[in-house]
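Peer 1: starting from these lines, generate the structure:
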Amino acid sequence: MQNNNDSVLRVIFADDDPLYMEQESILLRRQPSLDLVGTANCGTALLELASQVEWDVALLDIGMPGLDGIATLQRLLEQRPEAVALMLTAFERPETLRQALETGAKGFLTKDTPSEEIAELIHRAYKGKTVLDDRPLDMLRDFYLQGEPEPVDPEFARRLENLPPRLRKVADCLAQSMTNREISRATGLAENTVGSYVRDVITELGARRGEIAVKMGQLELRTE
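Peer 2: Just a heads-up that it's a prediction; the model follows:
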């Protein structure tokens, strides 16, 4: 059920580290803009929890044993395509950032991110913005510059090149992880028009919103 009061967002949280879970849960409950409605120690338990409570945003540890954060997100999106989820990680494997965003995660945070910042980023993600804290941003750039990732998708590049100008302008904004409201301000388009154009871009490129930002960033880095 959609939350009609997005000043306080309902959060479900999954992590297999009991100490981190306990400490972070205490800190999240202190945030006046969040309501931690449930916790789980694995992906399977999180999916069960998600079916039992009303929630707005899922906070998932990416490295859980068994059903990891990415697999859990995939199943959440099958059940609830509009689901908003942020990934938490110690960030030992930078390649998982790209995989998480392409799966549909709205953000990627390291476990040392302060709870106040997590609260702010949760709200930004709920409004449609793809969010990354400083360390993932730096590591994503370094990862691509090292030449280690998979090759750029040529079909995506071709589709991007063939976008009409009105949609390319919106795609460029999506590459900067702008919300629809920010795109409206940047382009002068009405917000409902932006929403329509964003849907057209997603259809034309054959990629999720977060995936568009990652792939366009990848293309930009490879042309530097």
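Peer 1: let me see the contact set for the most centrally placed residue in the chain.
Peer 2: By C-alpha atoms, centre = their mean, the chain has its centre lying nearest to Lys106, at 1.2 Å. By C-beta atoms under 8 Å, 6 or more residues apart in numbering, the contact set of Lys106 is Val84, Ala85, Leu86, Ala125, Lys129, Thr130, Val131, Gly210. Every residue, glycine included, has its C-beta placed from N, CA and C.
Peer 1: what about this structure, any weak spots by pLDDT?
Peer 2: 1-6, 90-95, 133-152, 210, 218, 220-224 (pLDDT under 70).
Peer 1: which parts of it are helices?
Peer 2: Using DSSP state H, the helices of the chain run over 18-29, 43-50, 69-79, 95-103, 115-126, 134-145, 154-161, 165-175, 180-187, 191-205, 209-222.
Peer 1: now the longest one - C-alpha only, CSV.
Peer 2: Just to be clear, that refers to helix 191-205. What follows is helix 191-205 as a C-alpha-only set of coordinates in CSV (Å, rounded to 0.1, in the frame of the first residue of the first chain):
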residue,chain,number,x,y,z
GLU,A,191,6.3,17.2,-14.5
ASN,A,192,3.5,15.0,-16.0
THR,A,193,5.2,15.4,-19.4
VAL,A,194,8.5,14.3,-17.8
GLY,A,195,6.9,11.2,-16.4
SER,A,196,5.6,10.3,-19.9
TYR,A,197,9.0,10.9,-21.4
VAL,A,198,10.8,8.9,-18.8
ARG,A,199,8.6,5.9,-19.5
ASP,A,200,9.3,6.4,-23.2
VAL,A,201,13.1,6.4,-22.5
ILE,A,202,12.9,3.3,-20.4
THR,A,203,10.9,1.6,-23.2
GLU,A,204,13.2,2.8,-26.0
LEU,A,205,16.4,1.8,-24.2
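Peer 1: thanks again, I'm all set now.
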